[in-house]
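Trainee: Requesting a structural model of the entry that follows:
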Amino acid sequence: MYSKTIVGNGVRVISCPMKDRQSLAVGIWVAVGSRYENQRNAGISHYLEHMVFKGTEHFTCQQIKESIEGVGGSFNGFTSEEITCYFVKMPGRYLDLSLDILSDMVLYPQLKQKDVLKERTVILEEIKMYKDQPQSHVYELLDKLLWPAHPLGMSTLGTEESVSAVTRADLAAYQKQNYAPKNIVVSVAGSIDPVLLSRKVARRFSGLPASDTLAALPVIGRQSKAQVTLVSKDTEQSHMVIGFPGLHRDHPLKHALGLLHISLGANSSSRLFNEVREKRGLAYEIGTHVKFLKDTGAFIVHAGVDNRKVKDTIRLVFKELGKTTRSVLSRAELKRAREFYLGQLTLALEDTMDQMMWIGESTVSLDRTYTLKQVINEVQRVTPEDIREVSRLLFRSNMANLALIGPLREHERTMLEWMVL
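Mentor: So this is what the prediction gives:
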């Protein structure tokens, strides 16, 4: 189903031919993100992502936008802890145009000084915007608890101080060092010929010189006690996240954790949604999500809670998490979770963009690509005991972390700290 080749000095090309599709999705992935930074240059990966859209050696900013949108396409990029990605979705006949633009952005960004200064202002406003949004800022507080004194505990956006200090020379050096062959993956899904695709990619990337890239600082040690961060703010609703250190990206229990996540908080039939919102009306928004990284991860419960019901919500969340450590999921609940897990994946992989993301992310992160059939087989083998095992591994009282933003009074702050600690 998938075709993988290596071209030039190590650029990996992964493709999924989908011959009945009219669209084409192309992504260029770079194995670098915020965990490769330090306090001085925090946010530089994200800053560089912004800058490559501002113009290249062969395309101005306006030409990039008009070339893609002018044929009905769309484009974007994102930066995470370990990955930077640039992607387009186009009508299927525009493969060459897609590769021309994306490769030029990645390899030959102009990084004009006037654009560096202009975009700095934009990013500083972005940082302020997220700080003003408690439902977003609370995740930054949690990251600091989960990964203290580590780049993973820093915001992907950086700080106002670090972004203000980044220079054009810094961006150029960072791009030259890390946008290197062994860090780059090109993923494509749509009506394509994999052999022809590899030739096209090789033509654009074969001249890229090899270079030594940054190494990620590993996560060492384990959390020994529960932690709490509470920020008083005059909000109409309290925003909280409860997080536990999780599993790395290719852990043997990763699918068991995925099914645990679905049963607890992935949809409106999950335990937390039913117990917290439907039965008791404690929160408008309640759910869970899982973060997988190279050597670590996180399981997170997030909620927007009535200011008067914070304590009851926290107490109930811990109660529901505790249940999964003591008893296994019923056969019916496991079946629902499994069907949702595989059904959502199956539906997503019908789309060229989701398919491109699927194969690109796994290749740049793990240097392997799982087929849908492989995933189905692995998920079908997950047992109720596997799910209880992973819950017991994660949901330990000394590994709990609570971050909350809301209009707390001092006696309430003390009470919440006592509940967790």
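
Trainee: Could you tell me which residues make contact with the spatially closest residue to K54 that is not a sequence neighbour?
Mentor: Across the structure, with Cβ to Cβ, 6 or more residues apart in numbering as the measure, the residue nearest K54 apart from its sequence neighbours is D115 (4.3 Å). The C-beta positions use only the backbone N, C-alpha and C, and glycine is treated the same way. With contact taken as Cβ atoms under 8 Å, 6 or more residues apart in numbering, D115 is in contact with 51, 54-55.

Trainee: which one among those residues gets closest to G343?
Mentor: Using Cβ to Cβ, M51 is the member of the contacts of D115 that lies nearest G343, at 39.5 Å.

Trainee: quick one, what contacts that closest one?
Mentor: Counting by Cβ under 8 Å, 6+ apart, M51 touches 109, 111, 115-116, 119, 171.

Trainee: Pick out whichever of the contacts of D115 sits closest to F78.
Mentor: When the contacts of D115 are compared for distance to F78 (Cβ to Cβ), M51 wins out at 14.4 Å.

Trainee: in the strand or helix carrying E119, what counts as buried?
Mentor: E119 belongs to helix 113-132 when elements are defined using DSSP states H and E. Of the residues in helix 113-132, 115-116, 119-120, 123-124, 126-127, 130 count as buried by neighbour count, 16 or more other Cβ atoms under 10 Å.

Trainee: Over to N41. Which of the three states is it?
Mentor: The three-state assignment at N41 reads coil, by DSSP: H, G, I helix; E, B strand; the rest coil.

Trainee: Check what pLDDT Y284 gets.
Mentor: What the model reports for Y284 is a pLDDT of 89.

Trainee: close enough to count as contact, it and E278?
Mentor: No. Applying Cβ atoms under 8 Å, one finds Y284 not in contact with E278, separated by 11.6 Å.

Trainee: so what sits against both of those two?
Mentor: Between them, Y284 and E278 share no neighbouring residue, with contact defined by Cβ under 8 Å, 6+ apart.

Trainee: and the contacts of D115 as a markdown table, adding pLDDT?
Mentor: Formatted as a markdown table, the entries for those read as follows, by pLDDT from 0 to 100:
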| residue | pLDDT |
| --- | --- |
| M51 | 98 |
| K54 | 98 |
| G55 | 98 |
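
Trainee: Give me the local confidence score for the closest residue to M105 other than its chain neighbours.
Mentor: The shortest distance from M105 to any residue that is not its chain neighbour, by Cβ to Cβ, 6+ apart, is 4.3 Å, and that residue is V52. Among the per-residue scores, V52 shows a pLDDT of 98.

Trainee: Could you count how many residues lie near V52?
Mentor: As a burial measure, the neighbour count of V52 was computed by other Cβ atoms under 10 Å and equals 25.

Trainee: so V13 sits in a helix?
Mentor: No. The assignment for V13, made by three-state DSSP, is strand rather than a helix.

Trainee: Across the sheet, point out what pairs with it.
Mentor: V13 has the following beta-bridge partners by DSSP bridges: T5, V186.

Trainee: ok, it touching R203?
Mentor: No. In this structure, V13 sits apart from R203 without contact. The criterion is Cβ under 8 Å, and the distance is 11.8 Å.

Trainee: okay, those two: which has more neighbours?
Mentor: Taking neighbours as other Cβ under 10 Å, V13 and R203 compare with V13 leading, 24 against 13.

Trainee: What distance do you get for the nearest residue to D367 once chain neighbours are set aside to Y108?
Mentor: Distances taken as Cβ to Cβ, 6+ apart place R12 nearest to D367, at 7.5 Å, with adjacent residues excluded. Taken as Cβ to Cβ, to the nearest Å, the spacing of R12 relative to Y108 amounts to 20 Å.

Trainee: who's more crowded, these two?
Mentor: Applying other Cβ under 10 Å to R12 and Y108 shows that R12 carries more neighbours, namely 21 against 15.

Trainee: Could you list which residues are in contact with the more buried one?
Mentor: R12 sits next to 4-6, 184-186, 363-364, 367 when contact means Cβ under 8 Å, 6+ apart.

Trainee: C-alpha coordinates for stretch 263-280, PDB please?
Mentor: Presented in PDB, the C-alpha positions along stretch 263-280 are these (Å, rounded to 0.1, in the frame of the first residue of the first chain):
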ATOM      1  CA  SER A 263     -13.500   4.900  27.200                       C
ATOM      2  CA  LEU A 264     -12.700   7.800  29.600                       C
ATOM      3  CA  GLY A 265     -13.100  10.900  27.600                       C
ATOM      4  CA  ALA A 266     -12.800  10.800  23.800                       C
ATOM      5  CA  ASN A 267     -16.500  11.200  23.000                       C
ATOM      6  CA  SER A 268     -20.000  11.900  24.300                       C
ATOM      7  CA  SER A 269     -20.500   8.300  25.400                       C
ATOM      8  CA  SER A 270     -17.300   8.200  27.500                       C
ATOM      9  CA  ARG A 271     -17.300   7.800  31.300                       C
ATOM     10  CA  LEU A 272     -16.200  11.200  32.200                       C
ATOM     11  CA  PHE A 273     -18.600  12.900  29.900                       C
ATOM     12  CA  ASN A 274     -21.500  10.900  31.300                       C
ATOM     13  CA  GLU A 275     -20.500  11.200  34.900                       C
ATOM     14  CA  VAL A 276     -19.300  14.800  35.000                       C
ATOM     15  CA  ARG A 277     -21.600  16.500  32.500                       C
ATOM     16  CA  GLU A 278     -24.600  14.400  31.800                       C
ATOM     17  CA  LYS A 279     -25.400  13.000  35.300                       C
ATOM     18  CA  ARG A 280     -24.200  15.900  37.500                       C
END
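
Trainee: For it, which outside residues touch it?
Mentor: Outside stretch 263-280, the residues touching it (Cβ under 8 Å, 6+ apart) are 262, 282-284, 286-289, 301, 303, 312-313, 316-317, 320-321, 323-324, 329, 333-334, 336-337, 340, 387.

Trainee: That concludes my questions; thank you for your assistance.
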